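Asks: A predicted structure for the sequence below; I have some questions about it.
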Amino acid sequence: MRASFPRIRSWIAHCNRNHNGCIEAQRLGPLLPTRVVVIGDAPDQLYLMASEGARGHYAAMSYAWGKVSPEPITTTRHTWTKHLHGFSISELPPSLRDGVLTARNLGLRYLWIDRLCIIQDSIADKETEMANMQQIYQNAYLTIVAACASSSAESFLNIRDAHSSVITLPVFCLNPDSVGRDRIREDGSVQLWHKDSSQGCEPLYERAWTLQETFLAPRLLIYSRDCCFFKCLGGHQCDDPAIDWNTYCAKAGLNSTRMMHQGKLTRPSLSAQAPGIHSIINSTSMQANKLPEHFRAWKRIVRDYSMRALSDPMDKLPALSGVVSYMQSEMKDECLAGLWRRHLLREVTWMSKGATRSEVWRAPSWSWMSLDGPLS
């Protein structure tokens, strides 16, 4: 069953009313990316638009391309003009159709999808747009995360409405003074996630490109296998109260420190039961006493990133370029093939967990980016 759009709209409305930090960059409408898909004019017809400096609210997609045959619709130098004039929603693979339906139901007119908004056979255009990843995801009104889909050929909206099927039960402990509550579903099923697992429980979190997409976005709408999460700087909501957000984040790889607008750093809360719940730290500039904190954040990001897969090994640095751009501006430092110049002696002491040297040269041997595989 499709997750309830009225419920999601209520979550976003609550965020808009109460979380100033989440919508700070949205008040006047940010600059649109170079190109966006216009989804709000006709039910079945979409078209690609060159923004040319226009402003507006847009959603961004975070999804796994996967190996799909035949190749789904893609913007190339050959199809560019056609897409400007329009194409049918039926031409999109299921994940992207779901993204259009979701953004429409949330009242948005524009959607950014990489395979449509970047000219895929133009090296120059890909390099330009890769350099814009930080702004694209940070400025998005919402990022729609198809976490449960292993490729664009899979739908992510086939999710039951779990809220009505949850039963709250009292819990009695051996200590007579300790009581509490737990929740199970009517069918008796229970979700078990091991919080110490290092690999994601969702297909999307195994892909390297998607780390920076969820890292940079101020608001995430996450379609998991069993439920729907809304996560912003001010809190989180889930349509299944029986699922623990902290445990999900730890298992799914969402416990990496995330950087947000204007020097706001999110980190695991000291009061959290698991490292997935975040609190906001305001720092208007990268002062010297803040640098170690951002440096530690980078180390967590690198460990997470090193465990993710790339279809093209040469994308090791481009797939992290948005995070690097943000960190360079905050740390006032230069990133050298994944290592920071001012901390270079410490940075070259990284250790691997069975990683192997890339078959193609992409970074110096002293950089962890020259390896394929997890770091310790």
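Replies: That came through, no problem.
Asks: could you pull out the buried residues of the longest helix belonging to the chain?
Replies: Using DSSP state H to define each element, the chain has its longest helix at helix 291-306. Neighbour-count burial for helix 291-306, counted by 16 or more other CB atoms under 10 Å, picks out 291, 294, 295, 297, 298, 301, 302, 303, 304, 305, 306. The C-beta positions use only the backbone N, C-alpha and C, and glycine is treated the same way.
Asks: which residue is the nearest non-sequential neighbour of the last one?
Replies: Leaving out its chain neighbours, the residue that sits closest to residue 306 by CB to CB, 6 or more residues apart in numbering is residue 375, at 4.3 Å.
Asks: could you chop the chain up by domain?
Replies: Per the record, the chain has its domains at 5-161+201-253, 292-376, by automatic domain parsing.
Asks: where does the stretch 51-200 of the chain dip in pLDDT?
Replies: Applying pLDDT under 70 to the stretch 51-200 of the chain picks out residues 159-200.
Asks: how about the strands of it, start to end?
Replies: Under the criterion DSSP state E, counting those that start in this stretch, the stretch 51-200 of the chain contains strands at 58-62, 87-88, 110-112, 142-145, 166-172, 179-185.
Asks: same check on the stretch 251-376 of the chain?
Replies: Applying DSSP E, counting those that start in this stretch to the stretch 251-376 of the chain gives strands spanning 258-259, 264-268, 278-282, 335-336, 339-340, 356-357, 371-372.
Asks: worst mean pLDDT among those?
Replies: In terms of average pLDDT, strand 278-282 trails the rest of the strands of the stretch 251-376 of the chain, at a mean of 32.
Asks: list the contacts of residue 93.
Replies: Residue 93 sits next to 68, 72, 73, 151, 152, 153 when contact means CB atoms under 8 Å, 6 or more residues apart in numbering.
Asks: which of those sits closest to residue 50?
Replies: Comparing the contacts of residue 93 against residue 50 with CB to CB picks out residue 73 as the nearest, at 18.0 Å.
Asks: excluding its backbone neighbours, what's nearest the closest one?
Replies: Once flanking residues are discounted, residue 73 sits nearest to residue 91: 4.8 Å by CB to CB, 6+ apart.
Asks: what about the one you found, how many residues close to it?
Replies: Neighbours of residue 91 under the rule other CB atoms under 10 Å: 12.
Asks: isn't it right up against residue 74?
Replies: No - taking CB atoms under 8 Å as the definition, residue 91 is not a contact partner of residue 74, at 10.5 Å.
Asks: show me which pair in the buried residues of helix 291-306 is furthest apart.
Replies: Maximum distance among the buried residues of helix 291-306 (CB to CB): 22.5 Å, for 291 and 306.
Asks: can you give me the neighbour number for the residue nearest to residue 294 when sequence neighbours are not counted?
Replies: Among residues not flanking residue 294 along the chain, residue 331 sits closest, at 5.6 Å (CB to CB, 6+ apart). For residue 331, the neighbour count with other CB under 10 Å is 20.
Asks: for residue 331, give its distance to residue 307.
Replies: Per CB to CB, to the nearest Å, residue 331 is found 23 Å from residue 307.
Asks: please apply the same query to residue 4.
Replies: The gap separating residue 4 from residue 307 is 34 Å, by CB to CB.
Asks: what's the answer for residue 330, then?
Replies: As for residue 330, its distance to residue 307 is 24 Å (criterion: CB to CB).
Asks: ok, back up a step: winner for burial among the domains of the chain?
Replies: domain 5-161+201-253 (a mean of 19; mean count of other CB atoms under 10 Å).
Asks: can I get stretch 318-325 in CSV, CA atoms only?
Replies: Taking Å, rounded to 0.1, in the frame of the first residue of the first chain, the C-alpha atoms of stretch 318-325 are listed here in CSV:
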residue,chain,number,x,y,z
PRO,A,318,33.7,12.6,-8.3
ALA,A,319,31.1,10.7,-6.3
LEU,A,320,32.3,12.4,-3.1
SER,A,321,32.9,15.8,-4.7
GLY,A,322,29.9,17.5,-3.1
VAL,A,323,31.0,16.6,0.4
VAL,A,324,34.6,17.6,-0.4
SER,A,325,33.4,21.0,-1.6
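Asks: find the centremost residue of the protein, please.
Replies: Note on the chain: the residue nearest the mean C-alpha position is residue 214, at 1.8 Å, using CA atoms, centre = their mean.
Asks: now do the same end-to-end measure for stretch 357-365.
Replies: 8 Å (CA to CA, to the nearest Å).
Asks: for stretch 70-84, same thing?
Replies: 22 Å.
Asks: what about that stretch, distance to the chain center?
Replies: Remark: stretch 70-84 is offset 25 Å from the chain centroid, using CA atoms, centre = their mean, to the nearest Å.
Asks: other residues contacting that stretch?
Replies: 35, 47-50, 87, 91-93, 96, 115-122, 152-153.
Asks: try 10 Å this time
Replies: Contacts with stretch 70-84, where a contact means CB atoms under 10 Å, 6 or more residues apart in numbering, come from 35, 37, 46-50, 65-66, 87-88, 91-96, 113-122, 125, 151-153.
Asks: just list the residues touching the closest residue to residue 334 other than its chain neighbours, thanks.
Replies: The shortest distance from residue 334 to any non-neighbouring residue, by CB to CB, 6+ apart, is to residue 341 (4.5 Å). Each residue near residue 341 by CB under 10 Å, 6+ apart is listed here: 331, 333, 334, 335, 347.
Asks: just the pLDDT for residue 341.
Replies: So, for residue 341, pLDDT stands at 94.
Asks: what does residue 243 give?
Replies: pLDDT at residue 243 comes out at 70.
Asks: thought it was touching residue 237?
Replies: No - applying CB atoms under 10 Å, one finds residue 243 not in contact with residue 237, separated by 11.5 Å.
Asks: which residues are common contacts for the two?
Replies: residue 229.
Asks: what's across from the residue nearest to residue 306 in the sheet?
Replies: residue 352 (DSSP bridges).
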